[in-house]
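Colleague: Here is my input; please provide its structure:
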Amino acid sequence: MKRALFDDIGSYPLPEGRTKEWMKSAFANPEPHKEELYEIIIGSMWQKINAGVEVPNYPQFQNMITQFSEQIMDDGRTEAPLLIKEEEAKIIEMDALAELAEEYKEKTGKKLKVRICVTGPIELYYNLFTPPVYMDMLSPLAKSVGRFIKHAVEGARNYDVVCVSIDEPSMGLDPRIEEDGIITALELASEYAFRSGIDTQIHLHSPIFYETVCQVEGINVIGMESAANPSLLALIDKEQLEKYDKFLRIGVSRTDILSIAAEYDEIHHTNAFKDKGVLETIVNEYNSPDKVKTRLEKVFAIFGDRIRYVGPDCGLGPFPNQELAYLVLKNTAAGIKAFYSS
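Modeller: Numbering: from 1, shown residues only. Okay, the predicted model is just below:
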């Protein structure tokens, strides 16, 4: 059995003492805040690496929509409506990683493998505009997404971008989203990564459109949030994956912290968000290494070698502090290790 890689989705809690407002202003005007901003990005990335994540995603502290839409909607950065100039398609966090990656190489003798996430064209379109979908607007938007990927891959210093994720959490959940334009848009967004031989995931919260995604040549890995919702996997047909030569990214640890805390509070009559110790207990109970191992056993029994990546269901940004997020990653790593050792 080929070993699946442990990656993470991206978002991460802010360090203590930092606010979303400060981060937003620092990203909007990075130069005067560069040292502090890079320190936060690098420190959080090291946490992911030290927890055992094999292909860590850059820590995504920005709003997933505005991080990309504000640049795409800025006339000074575009060469045509909704088409960002290649040199402007920057993910600031990637520059910070070059310093960390150099240290990583000195420590381990290996080049750091990195995952990047970009917000998908469908998600951006439906946040910026109302239906119906006009292809003369969706196409340049999708090409812009592809340019963010290209800039990140070509600008990588001391590390390799081995995986790209196009995040489309509303596909299959937002009733306004129809099939029209999805394949074309995702082909345009994934084209550069596909031609570069980089694994390209799509991060979905619902499998409703997975058969449509199977028809997108440039996407070879479909992500599923199956730790919180294992029943979703019943909608995935292994033969369909084999037919189109697609793979899965499987969620093996739960990240819906509000749901699991509410469930725990109801059973145990506690107030998780007033007691840090209770939250730690909850994380250890719902995402124990044993539970992670059991989830892996179940999904591999169904899909086997069609599973290429495993990790937390979604980003860890909603967690109240970095210590708890780190614990999720550490327990996930321990569960994966136990699965492959048994």
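Colleague: where does L241 fall, helix, sheet strand or coil?
Modeller: With DSSP: H, G, I helix; E, B strand; the rest coil as the basis, the three-state label of L241 is helix.
Colleague: Just the pLDDT for it.
Modeller: On pLDDT, L241 comes in at 97.
Colleague: In which helix or strand does H205 reside?
Modeller: Assessed by DSSP states H and E, H205 sits outside every helix and strand.
Colleague: Name the nearest residue to it, ignoring sequence neighbours.
Modeller: Closest residue to H205 apart from its sequence neighbours, by Cβ to Cβ, 6 or more residues apart in numbering: P169 at 4.6 Å. C-beta here means a position set from N, CA and C on the backbone, and glycine is covered the same way.
Colleague: got the contact list for the one you found?
Modeller: With contact taken as Cβ atoms under 8 Å, 6 or more residues apart in numbering, P169 is in contact with E123, H203, L204, H205.
Colleague: got it, and S144?
Modeller: So S144 contacts F68, I72, L82, L83, I84, A89, P121 (Cβ under 8 Å, 6+ apart).
Colleague: Can you tell me, leaving aside adjacent residues, what's nearest to it?
Modeller: Nearest non-adjacent residue to S144, counting by Cβ to Cβ, 6+ apart: I84, 4.4 Å away.
Colleague: neighbours around the one you found, how many?
Modeller: 26 (other Cβ atoms under 10 Å).
Colleague: just E285 next, same as before
Modeller: 12.
Colleague: What separation do you get for N50 and D265?
Modeller: Distance, N50 to D265, using Cβ to Cβ, to the nearest Å: 31 Å.
Colleague: go on, E280?
Modeller: Distance from E280 to D265, counting by Cβ to Cβ: 14 Å.
Colleague: Repeat that for E225.
Modeller: According to Cβ to Cβ, E225 and D265 sit 22 Å apart.
Colleague: now the strands for the stretch 101-250 of the chain?
Modeller: Ranges of strands in the stretch 101-250 of the chain, per DSSP state E, counting those that start in this stretch, are 112-119, 159-167, 199-203, 221-224, 247-253.
Colleague: The third one packs against which elements?
Modeller: Judged by 3 or more Cβ pairs under 8 Å, 6 or more residues apart in numbering; DSSP states H and E, the packing partners of strand 199-203 are strand 159-167, helix 182-195, strand 221-224, strand 307-312.
Colleague: which one of N50 and D265 has more residues nearby?
Modeller: D265 (15 against 12).
Colleague: before we move on, which element is the more buried one in?
Modeller: D265 is located in helix 257-268, with elements delineated by DSSP H and E.
Colleague: after that helix, next one along is what?
Modeller: Past helix 257-268, the next helix or strand by DSSP H and E is helix 276-286.
Colleague: Quick check: what element follows that next one along the chain?
Modeller: Criterion used, DSSP H and E; the element after helix 276-286 is helix 289-303.
Colleague: That next one packs against which elements?
Modeller: In terms of contacts (3+ Cβ pairs under 8 Å, 6+ apart), helix 289-303 is packed against helix 238-244, strand 247-253, strand 307-312, helix 322-341.
Colleague: who touches it?
Modeller: Residues from elsewhere that reach helix 289-303 (Cβ under 8 Å, 6+ apart): 1, 226-227, 230, 233, 236, 238, 241, 248, 250, 252-253, 307, 310, 331-332, 334-339, 342.
Colleague: switch the cut-off to 7 Å
Modeller: Contacting residues not belonging to helix 289-303 are listed as 226-227, 233, 238, 248, 250, 252-253, 307, 310, 331-332, 334-336, 338-339 [Cβ atoms under 7 Å, 6 or more residues apart in numbering].
Colleague: What of stretch 262-279?
Modeller: Contacts for stretch 262-279 (Cβ under 7 Å, 6+ apart): A261, I282, P320, L324.
Colleague: Much appreciated, bye for now.
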